[in-house]
Structure formats: C-alpha cells, structure tokens
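> Build me a model from this:
(one chain, ligands or ions: 1)
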Amino acid sequence: MCGIIGYYGQHPASKILIDGLKRLEYRGYDSSGLCLVEDNKLVCYKQAGPVTYLEGAIAHQDLKGHIGIAHTRWATHGAPNEINAHPHFDCHHQIAIVHNGIIENYQALKQLLSSEGHVFTSETDSEVLAHLIEKFYTGSLEEAVIKALALIEGSYGLVALHVNENKLVAARRSSPLVIGIGQGETFIASDVPAILNHTKDVVYLEDGDLAIIDEGGYQIKNLAGEPLDRRVEEVKLNIDQIEKKGYKHFMLKEIFEQPQSLVNVLAGRITNNQIKLSLNWHREAIERIIIAACGTSWHSALIGKYLLEEIVGLPVEVDYASEFRYRHPLVNNHDLFIAISQSGETADTLAALREAKNHGAQSLGIVNVVGSTVAREVDSGIYLHAGPEIGVASTKAFTAQITALLLLAFYWRQEMGYKIDESILSELRHLPAVVEKTLKANGQVIELARRFMNFEHFLYLGRGLNFPVALEGALKLKEISYIHAEGYPAAEIKHGPIALIDDNMPVVVLATKNDLSDKILSNIQEIKARGGQVIAIVDQDYEVVKKLADYLISVPPVHVWFSPVINVIPLQLLAYYIADAKGLDVDKPRNLAKSVTVE
Ligand code: M6R
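Residues are numbered from 1 along each chain as shown. Predicted coordinates:
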C-alpha cells in the first residue's frame, strides 16, 4: 500500500513524478504529495484526495527541480488529510522522506525524539523517519539513513533526500522498491508501472538493501555500507497493458481480459495430453498441503482445497494468512505450503510463507506479479501471467489462480502415475473459449444490475466448489458498491441466515448442474417459501430451476471442476454494473488499496 516514486535526471521531475503517481494510485489514493530540490531549497506540495488534486495544485507553478520524490498514500496512522500526506520533513525542512510500510515502534521513537526537542507536525508513524535521519545527520544522508534504520522496527520502502545533497537514498525492508535505469536518469518506485514509460531496465531491491541514486546512476549497498551486486532485469510488460484501452474502468477491462489471461496461464503447460510444470519439490515427502492467502486469493485457496483433496487425495488446510502467521501453526517438512497472491507483496501472505519455511515446509507460490517478493522467496512457483491487474477488485487474477490450481492438481496426479482423462484436458484447453462465451451474455447481467442496484443487502449461496465462488461474489459486491453482502454454503442458511430473508433480500444462488444440484434446489425452495427473491446462476439444464427462481443468469455448462471459473463471471459483472450504475469509482473503492503491504 502507498506508492512511491523518486527521480534523478536531466528533466524537470514534477511531470514524471505525477505521471508515475497516477500509475501507482491502485496502491492508495487518500492523499498525495511531492517534493523537489530547487536552488538548495525543498519545494513541496501536498493534497488530500487523488493525484489529480495534486496535479491541479502544481499546474501553474514553474517547477524546475530535477531531483524529487513523490507519494500516494493509503492511510494507516493518521487521517487521510493534507497534513498526514507524504513527504514528511525534519524540523528545519532540509530532509524529506516518503515511506511505505509501518514503523511499529514509532511511539517510543516519537517520545524519544520529542524529548530531544524535535517537533512533529503529523499523526503518522512515517514522520519519525525524517526526524531520526535529522538526529543522525552530520553531512552524509547515506550514513544518517543507515543509523536511523538501525533503530526501526517494522517495514519500510523509504526514499529520502536532503537539500544540500544531490542524491536520493532509498532502503527496503518488506516493502518493495525497484530502480529504473534510464539514459542519464534514474528512477525508483514501489512498482514497475510507475516507470514503464521511461525504461524497461530495472533492478529489484532486496530486503536490507540501501540504494544511492545520484549523477553517477545508482549504487546498492547493505546496511553496513558494503557494496552489493544486483542483477539488471528487463521488464516484459508493455505500456498498453496498463492502459484502459477504451474501457470505462480497469475492472471492466480486466473482466473482459479473462479469456486471454487464461490462455496465458495455460500456455506451454499442456502438451501431448501431459501437464508440464517445473517444480522444485520433493513430492514423495509431502503428506499435507497448507494454503494461505488473503481476500480473493483466499477464496481461490478454498477452491484449491476442494480440487486438491479430490484430485490428489491429500489433506489440505486453508488459512487466512493473517491468522496462520500468529497461531503457532504445527508445520513440518512433510508439508507443502502454498502461498497464493496476485501481487506477491501482501504482507500477511509473505509473513505466513516465511513462518512455514522456518518450520521446514516446502513452499510453492501461485503469483501474478513477476519478480515480486513471494515469487522470489518460494522454492518453486506457478506464475499466472495474467498481465497487470490494476482495478482494486481482483477479477482476472482469481480465475487465473483457479486455473493454476487445476494445473497443479492434474500435474500432481499425473506424477503419481495416473492419466488425466482426455475429455478433462480438452475442457481445460477450451476454458478460455467458454469464458469468452460467458462474457458475451453480459446483457442479462446489466439488466439485473439496474433492477437490484438500490437494494441494501444481498446473500450469495453455493455448495461444494461453488461455496467459495459465493464468497467471492459477495466480496466483489461489497468492496465496490458498498452494499452489504454475505456468502454462505447454501445448506448453512437454515442455521441462522434464513431469518434475514424477506423480499428485500435478493439471494444469488449458484445453481449449475452437479452432484449437489438437488440439494441446491431444496435450498432455493426454502428461500422462496420465505418470500425471498432468487437470482439463480444456471447452466443449460435449468428447466427445473427456472420454475423456482425469480431471475436467471445462464452460463455454458462445464465439468464441475471448471465451474468456479465460469460461474464467477456473472458475479463479477453484477458487482461491476451495480457499482457503475450507482456512479461509484469502481477502480478506486473507498478505504481500499490494491496491494496490502501492511499487516
Ligand atoms: O495480491 P493478493 O492476491 O495477495 O491480495 C489479496 C487481497 O488483498 C485481495 O484479493 C483483495 O481482497 C482484493 N481487493 C479483492 O478484490
């Protein structure tokens, strides 16, 4: 969360910084700010609200500085207002910092620094960094940053500058930073999209790295000041992949990109009716699978449990990463720990992975962002190759994650000496085309969205593999339309939630044909008997449901293992069209950020 960009080069920095911040807004958009060095002075602007407000505030300023830092914030400590916006400063306005992460011991440090006479202006934890650097500054920003960081508990992606030094000093611990290498200019940012307009040559900082950016380019050192060698990588991303390309919102674009993202996740992984994955594992040693993730990725993990238990035949435990890391889990070297994360930077997922590895578990990552921290720390992984997901509400990553889990399950079964049915492999290969067909029927969803946009509560029900899909449908609706929605295993409503049902409670039921269809029909009947309005997601065999449900959304029929990929699509669309009809900012829902790099 929070986006950082820094620039050192020959061009005026302000436009580069603003453009970079706009590309980082998915990480937070409560407030933003920038700071340039001009004629040995810091020239700084801050605004509450999105980056366009900051852009407006500097529009008529003649900003010439060639060195600068900027930040877009997702508030953790302190209200999302102008005072708490970054950059933050020392007492004499000579040092400016932008920070992503959480300083856990900031209260103790603030007390210490205040007792020494430092005056704080914001409520943030980050401001202690500026004052600590000031405390240790004796003419070298680099040395002062090293000394300050020695006192910090918590996480940081930090970039600092000093009026009297032509350089940026950056450091990373558990919060990503990437250096971009241009022609006579150097960038530093929390994520590649911020600098992609300028360069594709990047260096990812590792935890414990310190970077000094100046007229000589960049140097990377450890926190003892010793030089380090880090590989320059070429980013494979193209700028048009991070544009809206005519869609009203990134979320809609990403929903419609799903046929292609599934093609990508499958590419090269099914040849001659064999699944090909390259995993660095000791398969025979594995007796149990543990999957940890957050949010939408946690829903994929639940689907993974159903799939892996049935197809591989090993017990699977699924945990919220935030719970796993603190519950003293019993993990050993007979466990395979799977971390699922679109961004590969989610703080809790990363901490859970480290915890599992410390206990000796083998690890595997299912990750979208190439080169992200989870991807770099796992023993082996399956990249989704779904392309950048910018809308805060995850869509194409979800269906790609399920597809990756299907690949893993089939691969594993194959490694155990079983053959995967050709009909199943054929369905897997055709999944992108079926998704395409499902998307073409979005007209039925638009109509329902208009009809239901003013309801205040929704229930989503599913059974088996479609129970996590119900959870995902409810999450999509609540996070972008702010309508209260709950997902339940359909049979569970009798144990409480059925009390909520009346004609003000639309109930979305995943009722596609499978072994549990009869049971779902009984659940629909129970809802109808209480006056509930049922929107049923059905496939071709819907005659019987048709008589019961009030509204139908039909999807193409598929084997039950593939049904979560297909069934979630109308739920993504329903959430999108409701939020859009309400006039909400779908890509930047309130209080949220795309990448949750704080716990
Ligand atoms: O990047 P990750 O997959 O680790 O992110 C996990 C969650 O933060 C994410 O899925 C979040 O729940 C989305 N807003 C869901 O749409």
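
> Which pLDDT value belongs to the residue nearest to residue 41 when sequence neighbours are not counted?
Take residue 41 and drop its neighbours on the chain: the residue closest to it by CB to CB, 6 or more residues apart in numbering is residue 163, 6.3 Å away. Backbone N, C-alpha and C define where each C-beta goes, glycine included. Per-residue pLDDT puts residue 163 at 96.

> In contact with residue 163, which residues?
When contacts are counted by CB atoms under 8 Å, 6 or more residues apart in numbering, residue 163 touches 37, 40, 41, 42, 93, 94, 95.

> Give me the subset of those residues lying in strands.
37, 41, 42, 95 (DSSP state E).

> how far away is the second one from residue 96?
If I follow you right, that is residue 41. The span separating residue 41 from residue 96 equals 11 Å under the rule CB to CB, to the nearest Å.

> who's more crowded, the two?
A side-by-side neighbour count of residue 41 and residue 96, using other CB atoms under 10 Å, places residue 96 first with 28 against 12.

> Tell me the one of the ones in strands among the contacts of residue 163 nearest the ligand?
residue 95 (32.5 Å; CB to the nearest ligand atom).

> count of neighbours near the closest one?
For residue 95, the count of nearby residues is 27 (other CB under 10 Å).

> bridging residues for it?
residue 162 (DSSP bridges).

> wait, what's in contact with the closest residue to the ligand within the stretch 251-400 of the chain?
The ligand sits closest to residue 295 of the stretch 251-400 of the chain, with a gap of 1.9 Å, by CB to the nearest ligand atom. Taking CB under 8 Å, 6+ apart, we find residue 295 in contact with 394, 475, 596.

> Shouldn't the first one be within a strand?
In this case it means residue 394. No: secondary structure of residue 394 (DSSP: H, G, I helix; E, B strand; the rest coil): coil, not part of a strand.

> give the contact list for the residue nearest to it when sequence neighbours are not counted.
Of all residues not flanking residue 394 in the chain, residue 296 sits nearest, at 4.0 Å (CB to CB, 6+ apart). Going by CB under 8 Å, 6+ apart, residue 296 touches 342, 393, 394, 397, 398, 472, 475.

> can you check residue 138 too?
residue 144.

> Which strand or helix spans it?
Using DSSP states H and E, residue 138 sits within no helix or strand.

> anything in stretch 23-37 near the ligand?
No: using CB under 6 Å from any ligand atom, stretch 23-37 stays clear of the ligand, coming no nearer than 10.1 Å.

> Could you tell me the end-to-end distance of that stretch?
For stretch 23-37, the first-to-last residue distance is 23 Å (CA to CA, to the nearest Å).

> Report the buried residues of it.
Neighbour counts over stretch 23-37 (16 or more other CB atoms under 10 Å) mark 23-37 as buried.

> again, but for stretch 57-65
In stretch 57-65, residues buried by neighbour count (16+ other CB under 10 Å) are 57, 58, 63, 65.

> From the opening residue of that stretch to its closing one, how far?
16 Å.

> gap between it and the chain center?
In terms of CA atoms, centre = their mean, to the nearest Å, the centre of stretch 57-65 is found 33 Å from the chain centre.

> Run through who's touching that stretch.
12, 13, 14, 18, 34, 36, 37, 38, 43, 45, 47.

> switch to 6 Å and redo it
Here stretch 57-65 makes contact (CB atoms under 6 Å, 6 or more residues apart in numbering) with 12, 13, 14, 36, 37, 38, 45, 47.

> And those residues, which two are furthest apart?
37 and 47 (20.1 Å; CB to CB).

> Pull out the buried positions in the lowest-mean-pLDDT helix or strand in the chain.
Averaged element by element with mean pLDDT, DSSP states H and E, the chain has its least confident helix or strand at helix 543-548 (a mean of 79). Using 16+ other CB under 10 Å as the test for burial, helix 543-548 gives 545, 548.
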